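Participant: Just need the structure, nothing else, for what follows:
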Amino acid sequence: GSLLDRLVRESLEVDVHVIRHEGPLLERPSLLGEISYYRSQTGARKYWYTLFLFVGIGLLGALLENFIGYRAIGFIFLLAVIIVGLFGSIGAVIFAAMTSTLAWNYFFIPPKFTFAITNTEDFLMCIAFFGVALITGFLTNRLRFNEKVMREREERTNVLYEALQDIANATEKADFLGKVTARVGHLLKARCGVILKSVQGKLEFDSAQTYSLRLDEKDRAVAQWSFENKTSAGWSTNTLSQSRALFLPLTGISEVFGIFVFEPLNRSRKLDLEKESILFSIIRQLGVSTEKHFLMKRLSANQRLKDSEELHQTLLNSISHEMRTPLTAILGASSALEIDDLTGGKKYVKDIAANLQAAGDRLNRVIENLLDMSRLNSGVLSLNLEWHDTSDLLSVVLKKLEKPLATYKVKINFLDKMYLMQMDHRLMEHAISNLILNATMYTPVGTTITITQRRTDTHFVIEVSDEGPGIPEISLPHIFDKFFRVPGSPTGGTGLGLSIVKSIIELHKGQIHVNNIQPFGLRFTIEFLLEAQPEVPSETES
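Facilitator: Numbering: from 1, shown residues only. Now for the predicted structure:
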C-alpha cells in the first residue's frame, strides 16, 4: 500500500535498498531566519510608521503649545495612540503608548527636555495618560481584531453556504465540483482539485478534475495511498508530509469515492482550526453528494438493465408461445405419418416421419427450457410440493428418454430402493431430463451413462455421470451460467439447460456440483438434506 511497497513491487529487475536517515527530515531554520520570519509576521514596518506619526504629532504640538497649553497636547498624543490601535498590532500599541508618554513628558511637561517632573499633578497626569493610552489602544485594537474575525467568519460561512447550494442544486458531478473547488481555493488561498474513482474502483487520474493542479508521479502515488487506506496524507500530516499537497479521501456513508487535492499557495503556514473545520465540512458534503451521484448512476444503469430484462422476458414468452402452436401441428403430422394405413408401409416415409419427430421433440425441449427460464426469472413459478418416490421419478424420466438413450448403455445404481422426498414432480423430472440429455449431447455413442441414487449420513444424492471428454477446468465455474457453452462444443442447444437445472434444484433447497472424472468423463452430483420420512400405510391397513 505504501510508496515503498509500490516501488519494490514494480521494480522487478532492480534491487531496492532502503537506508534510514539518521538526522531530522526537515532542516531547522536558523536564528536569523526565525527573527526575520517573526518580523515579517508582526509587521516591523508599522513601528517605523508609529515613530514617524509621533514625530509629526510632536512638531504639531510645538506649533500649538502657546495656544492650547501642554496639557491639551496630551490629548493629541492620546488620539494618535487610538489611531495606532486601529491599524497596528498589540506591540505597536504598547510602543505608541510608551513613545507618546515619553515624548509628551520630555518635550512639553515642565521642566522641558528632561524626564524629571517637579509638579505632583503633572506626574500623576503622566502616569494616568500612560494607563489610559495603553487601555484605549488595547480596546481599539481588540475591536479591530474582533471586527476582522467576524468579517472572515462571515466570509467563510458565505463560502460554505454557497458551496452547499452548488452541491444541492447540481444535477451532474461536473456542475458542482468545479464551483466548489474554486470557492475553497479562493477562501483558503490554495489550488484545489478532485480525483474520482472509475466504475472499476480505481482513481481516474487522466480525467481528474484538478483544474490548475498538475499532478506528477509522486503526487499520484500519495493520492493512491490515501485512497487505498481511506485516510489523509501529504502536506501537514504525519504521512508522506514532504508532498506539496494535502490529499483527503471523499468518503460517503459506505465507501471512498475519490480524493480531494488541496495545495496551499504558502506551504510554510498551516491551516488554523477554523479553516480546517471549513475544509473538512465541505469535503464531507462533497463525499456524501458524490456518493449520491454514484448511486443515482448505478440506479439508472440497474433500471436500464431491468427494462432490458423485462423486454427480453416478454420476447421469450411471445416467441415460445408462438412457436408452440405450429410445433404441435408438426409433431401431430409426423406421428400420423408413422401409421402404416396412412403411408402404405413405405419405409422412406417412416424414416422422414421419425426424423421430423426427433427434431420436433428437440425443438419442444428448447421451448420448454425457454418458458421455464422465463418463469424462473420472473419469480412467478411456484412449487407444487408433494411426497414422491425418487426411484419412480428416475424411472419415469428414463422411460420418456428411451429414444435419445437408445444408442447408449444406461447403467442404473439404485443403492436406496425407496426414498420419499417433497418435490414438484414436473420440475424435478425436467431437471433430471436436462442432465441426462446433456450427457447424450457430449458423450460418444455406445458409451455408458450411469445414474446413481444413494444416501449418506446427512444427504440424499443423485448422480449422473458419463464417459465423455469432460470440460476444461477453467469452464467449470461457469457451466451453470445462462447461455454459457463450453468452447468447441457441438452446434445446437441454447446453453439454458444446466442453468435451469441449477435453478430448479436450488428451489428445492438442494445443491448441484460438477467435476471431471479421471481418466475421462463428467459427473453431476445433486444433494438434498435428508428429510424425515412420512408414514406409509401398509397393504393391510389400506
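
Participant: tell me the secondary structure for Arg485?
Facilitator: coil (DSSP: H, G, I helix; E, B strand; the rest coil).

Participant: Got the phi and psi for it?
Facilitator: phi -130, psi 140 (degrees, to the nearest 10).

Participant: Leaving out the residues flanking it, which one is nearest to it?
Facilitator: Residue nearest to Arg485 in three dimensions, not counting chain neighbours: Gly495, with 4.7 Å by Cβ to Cβ, 6 or more residues apart in numbering. The way it works is simple: take the backbone N, C-alpha and C, and place the C-beta from them, glycine included.

Participant: Could you do Leu188 as well?
Facilitator: Nearest to Leu188 is Lys275, by Cβ to Cβ, 6+ apart, at 5.7 Å.

Participant: With Ile330 as the reference, measure out to Ile505.
Facilitator: Per Cβ to Cβ, to the nearest Å, Ile505 is found 32 Å from Ile330.

Participant: for Lys46, that is, sorry about that
Facilitator: To Ile330, Lys46 is 104 Å away according to Cβ to Cβ.

Participant: on that earlier part again, neighbour-wise, which of Ile505 and Ile330 wins?
Facilitator: Taking neighbours as other Cβ atoms under 10 Å, Ile505 and Ile330 compare with Ile505 leading, 23 against 15.

Participant: show me the residues around the more buried one that make contact.
Facilitator: Counting by Cβ atoms under 8 Å, 6 or more residues apart in numbering, Ile505 touches Ala431, Gln511, Ile512, Ile526.

Participant: Wait, the first one touches Ile500, no?
Facilitator: By that I understand Ala431. Yes. Between Ala431 and Ile500 a contact is recorded at 7.1 Å, counting by Cβ atoms under 8 Å.

Participant: Name the residue in these two with the higher neighbour count.
Facilitator: Taking other Cβ under 10 Å, Ala431 and Ile500 do not tie; Ala431 has more neighbours (28 against 23).

Participant: And the one helix or strand the more buried one maps to, what does it pack against?
Facilitator: Using DSSP states H and E, Ala431 maps to helix 425-442. Contacting helix 425-442 under the criterion 3 or more Cβ pairs under 8 Å, 6 or more residues apart in numbering; DSSP states H and E are the following elements: helix 347-378, strand 386-389, helix 390-400, strand 448-455, strand 459-465, helix 497-507, strand 522-529.

Participant: Can you list the neighbours in contact with the third one?
Facilitator: Residues from elsewhere that reach helix 390-400, judged by Cβ under 8 Å, 6+ apart: 405, 410, 412, 414, 416-421, 423, 425, 428-429, 432-433, 436, 451, 453, 460, 462.

Participant: filter those residues to the buried ones?
Facilitator: 405, 419-421, 423, 428-429, 432-433, 436, 451, 453, 460, 462 (16 or more other Cβ atoms under 10 Å).

Participant: Show me how the record splits the chain into domains.
Facilitator: For the chain, the structural domains run 43-154, 173-294, 384-529, going by automatic domain parsing.

Participant: Can you tell me which of the ones you listed is most buried?
Facilitator: Among the domains of the chain, domain 173-294 has the highest mean neighbour count (mean count of other Cβ atoms under 10 Å), at a mean of 18.

Participant: chain center to that domain: distance?
Facilitator: Here domain 173-294 is found 15 Å from its chain centre; the criterion is Cα atoms, centre = their mean, to the nearest Å.

Participant: So, low pLDDT: which residues of the stretch 351-500 of the chain?
Facilitator: Residues of the stretch 351-500 of the chain that meet the criterion pLDDT under 70 lie in 369-381, 490-494.
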